[in-house]
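[1] below is the sequence, then the predicted model.
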Amino acid sequence: MTETTPPIATPEHTVEGFVRQYLRELTYTQGTTLERASVDDKYLALARTARAYLMSRWNRTVTQQYRQPVRGVAYLSAEYLLGRQLDNALIASGLEDIAQEALASLGLSLDELRAAEVEPGLGNGGLGRLAACFIDSLATMNIPAIGYGIRYEYGIFRQTFVDGRQVEEPDSWLDHGSPWEIARPEQEVEIAFGGHTEKTTVNGVERTTWTPGWSVLAIPYNYMVPGYLNGRVNTLRLWSARATRAFDLKIFNYGDYAAAVRAQTFAENITKVLYPEDSTPQGKELRLQQQYFFVAASLHDYIERLLGEGFDLRRLPERITFQLNDTHPVIAIPELMRILVDLKGLAWDEAWEITRKCFAYTCHTLLPEALEVWPVELMSRLLPRHMEIIYRINDEFLAQVRERYGDDEMLVRRMSIIAEHPERAVRMAFLASVGTSKINGVAELHSQLLREKVLTDFADLWPEKFTNVTNGVTPRRFVRLSNPGLSALITEAIGDGWATDLERLRELEPLADDAAFRAKFREVKQANKHRLVDLLARRDGIVIDPDTMLDVMVKRLHEYKRQMLKVLHVVSTYDKLRTGELDPASAVHRTVVFGAKAAPGYKMAKEIIALINHVGARVNADPVVSQALRVAFPANYNVTVAETLIPAADLSEQISLAGKEASGTGNMKFALNGALTVGTDDGANVEIRQLVGDDHFFLFGLTEPEASAIQEAGYRPSAHYEQNPSLRHALDLIASGEFSGGDRSVFEPIVSNLLYEDRFMVLADYQSYMDAQERVDAAYRDQDAWSRSAVLNVARSGFFSSDRSMRDYLDRIWHVDPMPIEG
Ligand SMILES: *Cc1c(COP(=O)(O)O)cnc(C)c1O
């Protein structure tokens, strides 16, 4: 493709240029005037101004990539938890100061306008945020990459509390439209479902044709993914479902308006909602529809573009790796087989060779119940041709297993992609293991356990397929944008460049011993606490004291993450303060902040939320206790809240049962912002502790082998209750109705679950956790030593940049070269 349009000048990189563009957007796009404009108008004009600065870079990126076909990567993810776009667009194009000044000259405040942006909540938690960090890094590292996903009309639900209980409200983030997306309806793709298949023989060759029962249109919406100050803007392409015109018109013409609308609603339901599910899959037909919908549209999109170049699909692996973010996009494997064999006429074996080489799979869990399976009945009904292909992949794979290991039927049954019990179902993680060339876990410990416990048989068969890539987070959003105070301090100390070369933070190490630097560091932390005080007061009406230790546990609510352990610490401290065992005047004063959404169908998680709120209310209302301990639980934790909360934190709670958290990325964000971690030897905590050093990390709890050994020998949680008076007091207090207005039944399910089941060994780790918290208190009393540790946490966490994760993927899996954008 050659450039045919004359280059349109990017608005000038000056305050005047910015003002001119802003007024143009306000006038011509928003159709209003400065005097009349609502806050929304003003925000939208600002968003479009920022967008205007990026637009020519975006076009340049696309044009240069078309002109110079190179190897690329396509990231397939059902979730992208992007966070707000405006600030990121401004820092990526070096416009923050200009925008601030330009708006001020018009009597407007950047802070006020940025607050008007609704964050697109297109993800549940860590997995979706990881995808967002990765595409940011790919753009910043000049990698030709595209992200593919789903444009959910309703993102993750908005959480509110009623009587302390979670209530879910729809997140209609698109109500006012999004200035960050560009629809490309002319590039629609028709996606088929249902129907039946037929075999025919043409010239002695057997062919299968699929006659679908119904179809929907996939409409792409493009989002800019700007690299940081490098002139590249990559694309995130999210698909939205629309009814095909044919089917509703026909019904409509027969005069049945209601049926026509029903049919349309049915089709468009596919991209209506993000399943608010964390790691327990609900067997939802719509979910499988969503997965196939976005994956089929994405493969079609990429392959058609290559065919447009006259590309020979036999060489597909030379041009692309499709990275499968968890099992959600794994249906892409049989889809590519269908394209190559049924539509392009390639021989099965050749197609299989190509397919395996084109895909790589990232596993994100260790919980067996989180491994997706689809009933064969459902798969056959919704995607009959894909089911046949999966059967054949499985037959050939199992033949290979028999050839290698002999007729070990137990092993064959264990490794089969099709499970027989409790119902016939496709194991998507197994399909991914067979149909890809690389499989990675997301932290060292996780990758090891994946090989040893989850995908053991596959790791024995193909050891070379398995690798590790420890997760990371983007320093642009999680330091540069969210912690401007620390960013300025770092730049003052070591110069700029660290935001794209985070290992340079090591240069801060000597400054940990510099009292003046530590004082400045504490000033930054204090200012960040004040920012948080303002946010919580404004957003939630919560009052917190910035002169206390800020002890933060924010993440999805799940029993394995053990918010319950933190609650027991709070209850126990409450008890000690109330009874005088601890003197509120001399105790270390803490504010414990929780943030967590629970999947709406996850009962126990919702009970724990209610308990946190009720304990919090009791603690905060007690005149004695509240002098030393307060609890804050702002509702609706999301990326925007994380950006203010994390830079203010002193203590990061990463307390999952060892062997359950795959990696965690929240843990990395905290360490990078100078919080100290109290944590178990789990996920990436292991690597954080190794890097920052034992003296600057509060380790507690069972190790994974210890926990497994206890479980195997028969774990009896009530023994801990019987033997530990402090634990007994805390649990008895909850059971007594102390936090539920005297009603003993309210939290009984939580207490009896802990006493008689306690799958995640909260009681087993209780004492060790309490001891660790005493060490935290003791350490916090020496503010100079504490801030030395905090500075060392920052200095030694550069490894956790998602740029490093991308480098690992590039070296170990993708082998794609950077392609800087010229001009
Ligand atoms: C980073 C992040 C997460 C992941 O947190 P973990 O502690 O790793 O589970 C979840 N939600 C949001 C909004 C985040 O920014």
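    That came through fine. Residues are numbered from 1 along each chain as shown.

[2] what packs against the helix or strand where Val412 lies?
    Element membership for Val412 (DSSP states H and E) is helix 409-415. Using 3 or more CB pairs under 8 Å, 6 or more residues apart in numbering; DSSP states H and E, the elements in contact with helix 409-415 are helix 384-405, helix 456-461. Heads up, the C-betas are built off the backbone N, CA and C, glycines and all.

[3] tell me how far stretch 287-297 is from the chain's mean position?
    The chain centroid and the centroid of stretch 287-297 are separated by 19 Å, computed with CA atoms, centre = their mean, to the nearest Å.

[4] what average pLDDT does that stretch get?
    For stretch 287-297, mean pLDDT rounds to 97.

[5] next one: stretch 560-571
    Across stretch 560-571, the average pLDDT comes to 98.

[6] turn the helices and strands packed on helix 409-415 into CSV, including mean pLDDT.
    Listed next are the helices and strands packed on helix 409-415 as CSV, based on pLDDT from 0 to 100:
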stretch, mean pLDDT
helix 384-405, 98
helix 456-461, 97
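
[7] of all these, which lies closest to the ligand?
    helix 456-461 (25.1 Å; CB to the nearest ligand atom).

[8] for that closest one, packing partners?
    helix 409-415, helix 428-434.

[9] buried deepest among the ones you listed, which one?
    helix 428-434 (a mean of 25; mean count of other CB atoms under 10 Å).

[10] what's next to it, contact-wise?
    Residues outside helix 428-434 that contact it (CB atoms under 8 Å, 6 or more residues apart in numbering): 324, 327, 330-331, 333-334, 359, 361, 363, 371-374, 390, 393-394, 397, 415-417, 439, 454-455, 458, 465.

[11] give me the mean pLDDT for the helix holding Val412.
    97.

[12] return that helix as CSV; C-alpha atoms alone will do.
    Presented in CSV, the C-alpha positions along helix 409-415 are these (Å, rounded to 0.1, in the frame of the first residue of the first chain):
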residue,chain,number,x,y,z
GLU,A,409,-5.0,-47.3,29.0
MET,A,410,-5.0,-45.4,32.3
LEU,A,411,-2.5,-43.0,30.8
VAL,A,412,-4.4,-42.7,27.6
ARG,A,413,-7.6,-41.9,29.5
ARG,A,414,-5.7,-39.4,31.6
MET,A,415,-4.3,-37.5,28.7
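
[13] ok now that helix, how far from the chain's centre?
    Centroid separation for helix 409-415 versus its chain: 34 Å, with CA atoms, centre = their mean.

[14] which parts of the stretch 101-250 of the chain sit against the ligand?
    Gly125, Gly126, Arg129 (CB under 6 Å from any ligand atom).

[15] which one is the first one nearest to, not counting chain neighbours?
    Counting by CB to CB, 6 or more residues apart in numbering, Arg556 is the residue found nearest to Gly125 once chain neighbours are left out, at 4.2 Å.

[16] go ahead and confirm that neighbour touches Gly126.
    Yes - using CB atoms under 8 Å as the test, Arg556 is close enough to Gly126 to be in contact (7.5 Å).

[17] what residue in the stretch 651-800 of the chain comes nearest to the ligand?
    Nearest to the ligand, among the residues of the stretch 651-800 of the chain, is Gly666, at 2.5 Å (CB to the nearest ligand atom).
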